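Below are the sequence and a predicted model for it; my questions follow.
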Amino acid sequence: MGHALYQAGLAGAMIVAAGVAFAAGSPSDPLNSVMWEALRDQYFAGAPVVFDDAVRVNAPAAAEDTRAVPVSVDATALGHVVEMVAIADLNPFPLVLRYHPGTAAPYIATRIKIQQATAVRGAARTADGVWHVSGVMVDAAGGGCSAPPASYAQKDWADHVGEVQARLWPADTDGVARLRLRIRHPNDTGLVDGIPAYFIETLRVDAQTPGGSPELARIDSLEPVSENPVYSLDVRPPPDATALVLRGRDNQGGEIRATIPMPPPGAQPAMRPAMSLKPADQPWSVGQ
């Protein structure tokens, strides 16, 4: 079905229904970004694309801190989603992350760096191969991607790289549990002369169960994710899960691993250090 619509789009057909505009050959960008054509070709590889309000992108109209702009992408209205991406069009590195929700709900929130005023987009690929895209404009004074991480001003910053704090809410009636993670890491873009790029590349959330460790979700993150990254996910742990396990690595081979115990029903979890390979003995915060 998606392939047939794509061919129709190449022939110049347009389908407009339920707030979705489809023109797979060259959809008109509602945000009028000068980068859209190049980004579409680079990140969607000729797949059919629709601009769809069912994907909700939340970000401030104006960035207070260009080094940490809160962004969320919510594609739960689409049902089953195979993959999601977040893009900041005018960043030196436009692609922010790829999210593979697996059994998790298709929702992710984080904080990103923004170099200048830009369109910020979220896209979700459904099982038929169609990318559903939405976005907002974010005004910014600039410089978020090229600013050096504040971590480097702390003499012991390297001793704490990879430490994890986590908050896990009890699952709701649909089995969905909100997971919030904070990871200490400079997440350096490498745009400052003489300082190489140093950022988290991959994070995976598994369930710890008596029968094994099924993967719940995976994030492939890139340079624009903020220093000391924060993620919120809506995971679906199996009923027999005793804990969640976070595994990851950065682009210099550093490993990240933490165990997050399942909360008892009705618990009010506080943000606390997870059981990590490195002891998180000095609490830290990047804000809520």
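Done, it's in.

Quick check: the gap between residue 44 and residue 198.
Residue 44 sits 29 Å away from residue 198, going by C-beta to C-beta, to the nearest Å. C-beta coordinates here come from the backbone N, C-alpha and C atoms, glycine included.

Could you do residue 49 as well?
For residue 49 relative to residue 198 (C-beta to C-beta), the value is 33 Å.

Of those two, which one has the most company?
residue 49 (24 against 19; other C-beta atoms under 10 Å).

and the more buried one, what is it in contact with?
Neighbour list for residue 49: 24, 27, 40, 123, 130-131, 133 [criterion: C-beta atoms under 8 Å, 6 or more residues apart in numbering].

Return the item of the residues you listed having minimum pLDDT.
Within the set of the contacts of residue 49, pLDDT is lowest for residue 24 (44).

The nearest residue to residue 134 once chain neighbours are set aside: neighbouring residues, count only.
Distances taken as C-beta to C-beta, 6 or more residues apart in numbering place residue 55 nearest to residue 134, at 4.0 Å, with adjacent residues excluded. When neighbours are counted by other C-beta under 10 Å, residue 55 registers 25.

need the strands for the stretch 51-200 of the chain, in chain order.
Using DSSP state E, counting those that start in this stretch, the strands of the stretch 51-200 of the chain run over residues 56-58, 69-74, 81-88, 95-100, 107-112, 118-126, 131-138, 164-168, 177-183, 200-208.

could you dump the contacts of residue 49 to TSV with distance to residue 90?
Listed next are the contacts of residue 49 as TSV, based on distance: C-beta to C-beta, whole Å:
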residue	distance to residue 90
24	25
27	19
40	15
123	17
130	26
131	20
133	16
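
Now for those residues, which sits with the most neighbours around it?
Going by other C-beta under 10 Å, residue 123 tops these with 28 neighbours.

need the contact list for it.
Residue 123 touches 43-44, 49, 55, 84-87, 131-134, counting by C-beta under 8 Å, 6+ apart.
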